[in-house]
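Trainee: I'd like to go over a predicted model; first the sequence, then the structure.
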Amino acid sequence: MSLDIVLITGMSGSGKSVALHALEDAGYYCVDNLPPELLTAFVALQKQQNASHVAIAMDVRSGVSLPLVPQQLDSLRREGVVLRSLFLDSTTDALVHRYSETRRRHPLSRQDPLTDLPEQQRALVQSIELERELLADLRDGADVIDTSIIRPAQLQSYIKALIAAPQSALTLVFQSFAFKRGVPLDADFVFDVRMLPNPHYVPALRALTGRDVQVIDWLRSHDDVARMYGDIEQFLGRWLDALAHDHRSYVTVAIGCTGGQHRSVFLVEQLARGFGDRWAALKRHRELDAT
């Protein structure tokens, strides 16, 4: 049995502990804050012990040794280790808010826990931006999950769906969202479908979603919706092979409408079904999953 490793990295305060707990619940042996210098030896030990599922969390506290990680990951993959890398991200505003609530100190900050003093808030923002720079190489090539406005239960659900997905050259994540709540940070491609006919203005459909048959039938009756689906399908069909050949493991396709309830949900459902025959395809509905 091959060794399956999930590496969790990301911004401090973005939910790495929540993700690690989700993997522990799924039966993974979990290690938090493993120094990169010990990664190769740790994996070798797990192989000797015939371990099958291991999750490792690393963060900016590893400091100067972080640049070692991408090369180590490539080496482990060449040895046959099934390795998936997850990067948790959040907007700076969301991270500042979380530090304000918890009064914790950022790992790169020399200041006391955040108070309302403007100079301390500026120092926190500077620490967050420095952390982004230090983690940039780890973010590249990882599956990025934007945790800015999702609940811990949503994050746990997303993590479990990712690890349950069948292994393939490329995993597609189709995500619906509401523009009024911001564009997801984890999106590789963003399609704006707000110009399509909106079921929100049909009283009988307003309380439903793009997964309900009444809304599906209504949207399918409009030629513009079919054209939009065809255009997105054609674009992705043209470029996914190139992305897979470029050794991309994950591609997140975000479909946005005004409220994230009808049009974007419908298209995500249809696209995931259409591409699921060839690629591992996952669905996320940011606004619906939050209810």
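Mentor: Received it, and whenever you're ready, just let me know what you need.
Trainee: need the strands for this structure, in chain order.
Mentor: Per DSSP state E, the chain carries strands over the ranges 4-10, 29-32, 53-57, 82-89, 143-146, 171-178, 189-192, 250-257, 280-285.
Trainee: out of the ones you listed, nearest to residue 202?
Mentor: Of all these, strand 250-257 sits nearest to residue 202, with 14.4 Å by C-beta to C-beta. C-beta here means a position set from N, CA and C on the backbone, and glycine is covered the same way.
Trainee: Can you tell me what sits against the closest one?
Mentor: With C-beta atoms under 8 Å, 6 or more residues apart in numbering as the test, strand 250-257 has contacts from 142-144, 170-179, 183-184, 186-194, 196, 198, 232, 236, 240, 243, 263-264, 267-268, 271.
Trainee: how does it look with 6 Å?
Mentor: If you take C-beta atoms under 6 Å, 6 or more residues apart in numbering as the criterion, strand 250-257 is touched by 143, 171-177, 179, 184, 186-194, 243, 263-264, 267-268.
Trainee: From those residues, keep the buried residues only.
Mentor: By neighbour count, with 16 or more other C-beta atoms under 10 Å, these hold 143, 171-177, 179, 184, 186-187, 191, 193, 243, 263-264, 267-268 as buried.
Trainee: if we can go back for a sec, dump the strands of the chain into CSV; add mean pLDDT and distance to residue 72 as well.
Mentor: Below are the strands of the chain laid out as CSV (pLDDT from 0 to 100; distance: least, C-beta to C-beta, whole Å):
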stretch, mean pLDDT, distance to residue 72
strand 4-10, 94, 10
strand 29-32, 94, 15
strand 53-57, 95, 11
strand 82-89, 92, 10
strand 143-146, 93, 18
strand 171-178, 96, 22
strand 189-192, 98, 29
strand 250-257, 96, 19
strand 280-285, 94, 25
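Trainee: and those strands as JSON lines, adding distance to residue 165?
Mentor: Listed next are those as JSON lines, based on distance: least, C-beta to C-beta, whole Å:
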{"stretch": "strand 4-10", "distance to residue 165": "12"}
{"stretch": "strand 29-32", "distance to residue 165": "19"}
{"stretch": "strand 53-57", "distance to residue 165": "14"}
{"stretch": "strand 82-89", "distance to residue 165": "9"}
{"stretch": "strand 143-146", "distance to residue 165": "10"}
{"stretch": "strand 171-178", "distance to residue 165": "6"}
{"stretch": "strand 189-192", "distance to residue 165": "19"}
{"stretch": "strand 250-257", "distance to residue 165": "10"}
{"stretch": "strand 280-285", "distance to residue 165": "5"}
